[in-house]
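Colleague: for reference, the sequence and a predicted model appear below.
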Amino acid sequence: MTSATLWLTLLAGGLITYAIRLSLILAWGRVTLPPTLQRGLRFVPPAVLSAIIFPEILRHDGPLDVSFGNTRLLAGLVAALVAWRTKNALLTIAAGMAVLWGLQMLFRGV
Amino acid sequence: MIGQTEPMSDSRNEFLAGVRAELPILLGVAPFGMIYGALAVAAGLPTAAAQAMSAIVFAGSAQFILTQLIATSTPPVVLLLTVFVVNLRHMLYSASVAPYVHGLKTRWKWLLAYLLTDEAYAVTITYYQQTTAQTHRRDAEAAGVEPGMSQHSPHLRGEVPEDAGADKRHWFFLGGGLALWSCWQVCTAIGIFLGAQVPPSWSLDFTLPLTFIALVIPALVDRPAVAAALTAGIVGAIGAGWPYKTGLVAAALVGIAVGTWLDSTQRARQQREYRNESAGLTESNKPDSLHPVDSLPYPASEEK
């Protein structure tokens, strides 16, 4: 991505975000969201985030890797467990990174 | 803390109350700002762009996703589409604060819309609702009406009170929003500075999927949500090699569709069961009817 494209993309991304936040404040009383859309919105975060997490963890080096040699998969599973038990974001990140570093050291034979 | 304060007329006090209400949330936001800054640098974004994104886009999860997509040379169109989908939830926030800011001057609306992040919204809407309920209670008590009785007060319906000029609660919104904004900018800068010192062998880029895991898991509150996440994840893994990152868009849309579909079938089933159970209860009220347990729409447990 060239520098110009990068900056234009950032500006456009900012404008889109701002337009969404401003939309119904300005349109108050004139527009209501259809109920299906309102209910569907809550699935946006889990869907988009999982669509990024899965390939990042299962296919970090290209081909699908679901073996025990996949350190990111193991670290990700531990992180998911910590997230589920504690609901603490920082603890989740710390646990995942600790497992990743531990396994990397182990596999490097340190 | 918020609940005990009376609605104040003074703009400065409202502003400071907003800042104070936002402070505990900043503790949780600060590390994310730093992680974002460090990650953006690790992903190869120029320092200026990484910092500017925090001011221009100013939306945590969208910034993380943008960083990831820029690093993997995603076409700008797909990138902007993703930002749009990810930030659509802000439309709900926009709708929800709209009645409270309706009476303000346009420049206030434009300013507050810029500050309408998840965290500022959470604090502000709580304050609006609590103070509205309080005002309503006070009005009701003054009028000698039981608080529960008059549910048709304009305050409860979120309508603008008639003394809109005396309502300074938008200063609270501004205080909370600006507190978060300043924290986010400063923490991004710290993260950019620290991230530049970290060698690539630390795999700092892995904090990104970990951050997402931390965000996703608490959102999996019921079966439709779990199904949405799983289908999106699987489609995303299959489509990871598709051109122009279309796999990501397809995965997100399939996940949202599956979640919404399961949600509506579940609602329909619950409504049916509710009707059946009501019918069952009516039956059991007859003197010669069966024991209520037998008329439940599912088999009674084996221990009986």
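Modeller: Noted; the coordinates are in hand. Quick caveat, the model's predicted, so the values are computed rather than measured.

Colleague: domain-wise, how is the chain divided?
Modeller: Looking at chain A here, since you left the chain open. Domain segmentation of chain A under automatic domain parsing yields A:1-32, A:36-108.

Colleague: my question was about chain B, not that one.
Modeller: Taken from automatic domain parsing, chain B resolves into B:11-202, B:220-284.

Colleague: out of the ones you listed, which gets the lowest mean score?
Modeller: Of all those, the minimum mean pLDDT falls on domain B:11-202 (a mean of 85).

Colleague: how far off centre is that one?
Modeller: Here domain B:11-202 is found 10 Å from its chain centre; the criterion is C-alpha atoms, centre = their mean, to the nearest Å.

Colleague: nearest to residue A:67, of the domains of chain B?
Modeller: Among those, the nearest to residue A:67 by C-beta to C-beta is domain B:220-284 (14.7 Å). The C-beta positions use only the backbone N, C-alpha and C, and glycine is treated the same way.

Colleague: do the closest one and chain A meet?
Modeller: Yes: Domain B:220-284 comes into contact with chain A (C-beta under 8 Å from any C-beta of the partner chain), by way of B:220, B:224-225, B:228-237, B:240-241, B:247-248, B:251-256, B:259-260, B:263-264.

Colleague: how close does residue B:209 get to chain A?
Modeller: Per C-beta to the nearest C-beta, to the nearest Å, residue B:209 is found 4 Å from chain A.

Colleague: tell me which helix or strand that residue sits in.
Modeller: Taking DSSP states H and E as the definition, residue B:209 sits inside helix B:207-216.

Colleague: longest single helix anywhere in chain A?
Modeller: Across chain A, the helix with the greatest residue count (assigned by DSSP state H) is helix A:3-26.

Colleague: could I get the buried residue list for that one?
Modeller: A:6-7, A:9-10, A:12-14, A:16-26 (16 or more other C-beta atoms under 10 Å in any protein chain shown).

Colleague: packing partners of that helix?
Modeller: helix B:47-56, helix B:60-71, helix B:76-87, helix B:89-101, helix B:106-114 (3 or more C-beta pairs under 8 Å, 6 or more residues apart in numbering or on different chains; DSSP states H and E).

Colleague: wait, does the longest one make contact with chain A?
Modeller: Yes: looking at helix B:89-101 against chain A by C-beta under 8 Å from any C-beta, the contacts come from B:89-95, B:97-99, B:101.

Colleague: need those residues in TSV (columns: distance to residue B:64 and neighbour count).
Modeller: Putting these into TSV (distance: C-beta to C-beta, whole Å; neighbours: other C-beta atoms under 10 Å in any protein chain shown) gives the following:
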residue	distance to residue B:64	neighbour count
B:89	15	18
B:90	16	25
B:91	20	20
B:92	20	17
B:93	19	22
B:94	22	24
B:95	25	18
B:97	24	26
B:98	28	20
B:99	31	18
B:101	28	24
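
Colleague: nearest to residue B:177 among the residues you listed?
Modeller: Checking these one by one against residue B:177 (C-beta to C-beta), the nearest turns out to be residue B:97, at 10.9 Å.

Colleague: could you give the angle of the longest helix along chain B to helix B:76-87?
Modeller: Secondary structure of chain B read by DSSP H shows that its longest helix is helix B:246-284. Orientation check (axes from the mean of the first three to the mean of the last three C-alpha atoms, to 10 degrees): helix B:246-284 against helix B:76-87 gives 30 degrees.

Colleague: list the buried residues for helix B:246-284?
Modeller: B:247-260, B:262-263, B:280.

Colleague: how about stretch B:227-245?
Modeller: Per 16+ other C-beta under 10 Å, stretch B:227-245 contains these buried residues: B:227-240, B:245.

Colleague: just the ones in helices from those, please.
Modeller: Using DSSP H, the buried residues of stretch B:227-245 in helices are B:227-238.

Colleague: turn the domains of chain B into JSON lines, columns for distance to residue A:99.
Modeller: Converted to JSON lines, those look like this (distance: least, C-beta to C-beta, whole Å):
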{"stretch": "domain B:11-202", "distance to residue A:99": "14"}
{"stretch": "domain B:220-284", "distance to residue A:99": "20"}
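
Colleague: thinking again about what came up before, tell me the one of the residues of helix B:89-101 next to chain A nearest residue A:84?
Modeller: residue B:89 (22.4 Å).
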